[in-house]
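Here is a sequence together with a model predicted from it:
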Amino acid sequence: MNFPRFIHIRLQTISAPVALNIKIVAEEIDKIFPSCKIDFKPSFIYDEKIIEQAKIIDLKQPFERQRNQEQGSSGSDMLETPLYDGFVMQRVFAEMIPNSEMSLEHIHIIFTALLPCTFSEDDWRYHGRAVICGTPSIISTTGIVEALARPREYYLSQLGSITEDTANLKKKFAGRFIDYDDEEKITAAAINYVLQAIFFFIGEGEPFCSDSDCSLFNAHWQEDLIHTIEKRTLCTYHRNMANKFS
Ligand SMILES: [Zn+2]
């Protein structure tokens, strides 16, 4: 089997600093896959005109219907955090990868603060994502904060008392959700998502695990994600799989 030997990591930068320690991410991945070479590529600034192609204007329309919408709504931005179609982003970023690094020996990971999303035909709408696996895999720090649900009680408190401001609410639920400035948790979560991006290839397209303690658990709630980052472990099955390659 053609096992990945190189993991290329890149950061797509924007003007605001991102609370993420890539060095720690690389160190942890190196411990799990010591036979892989981790390579930092220089970070890059996204070309707004190019990434604009991937922008979603209407959450309830699949990508091919987005452009018509734009003409109708004169391009007004209705979404608070702009969303970008994850697979279109992937195509845009893939153009930066040299041909010599397109084989299965290479895994490409791009960290970004942009929020990728994918369209679901189940409920016919877009959903924000923390990770899009593939070539390259895209891991979003904004997705880590926004794409997973906060504790149910958080939303209930928000509804219950209009007077309760966001700062108070955040204080009340401290430790139970992940915020933009929480470098420690965002970094720990990023390690999980890099593992998912790697297992997407070595696990033949199935990066997720049903064990809620395993780093590959597909968390939909931030509390579940926090649980896995506190456990910081792979289940026996995935641990063995990682060891086989090392
Ligand atoms: Zn597992």
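That came through, no problem.

which bits of the protein sit near the ion?
Proximity of the chain to the ion (C-beta under 5 Å from the ion) is limited to residues 209, 211, 214, 216, 235, 238. (Each C-beta comes from the backbone N, C-alpha and C, glycine too.)

Quick check: of those, which has the highest neighbour count?
L216 (24 neighbours; other C-beta atoms under 10 Å).

Tell me the bridge partners for the residue nearest to that residue when sequence neighbours are not counted.
Leaving aside its sequence neighbours, L216 sits nearest to C209 (C-beta to C-beta, 6 or more residues apart in numbering; 3.9 Å). C209 forms beta bridges with F217, as assigned by DSSP bridges.

Please tell me I have it right and C209 contacts T236.
No: C209 is not in contact with T236 according to C-beta atoms under 8 Å; the separation is 10.8 Å.

Could I get the full set of strands for this structure?
6-13, 37-40, 44-45, 55-56, 83-85, 106-112, 115-120, 125-128, 131-132, 137-140 (DSSP state E).

The first one pairs with which strands, and in what direction?
Read it as strand 6-13. strand 37-40 (parallel), strand 44-45 (parallel), strand 106-112 (parallel).

Go through the ones you listed and name the closest to W221.
W221 lies closest, by C-beta to C-beta, to one member of the strands paired with strand 6-13: strand 106-112, at 22.5 Å.

Only C-alpha atoms, please: export that closest one in PDB.
In PDB, the C-alpha atoms belonging to strand 106-112 read as follows (Å, rounded to 0.1, in the frame of the first residue of the first chain):
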ATOM      1  CA  HIS A 106       1.800  13.200   0.200                       C
ATOM      2  CA  ILE A 107      -0.800  14.600   2.500                       C
ATOM      3  CA  HIS A 108      -1.600  18.300   2.300                       C
ATOM      4  CA  ILE A 109      -3.200  20.200   5.100                       C
ATOM      5  CA  ILE A 110      -4.200  23.800   4.900                       C
ATOM      6  CA  PHE A 111      -5.200  25.700   8.000                       C
ATOM      7  CA  THR A 112      -7.500  28.600   7.400                       C
END
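
can you count the residues close to L169?
L169 has 17 nearby residues by other C-beta under 10 Å.
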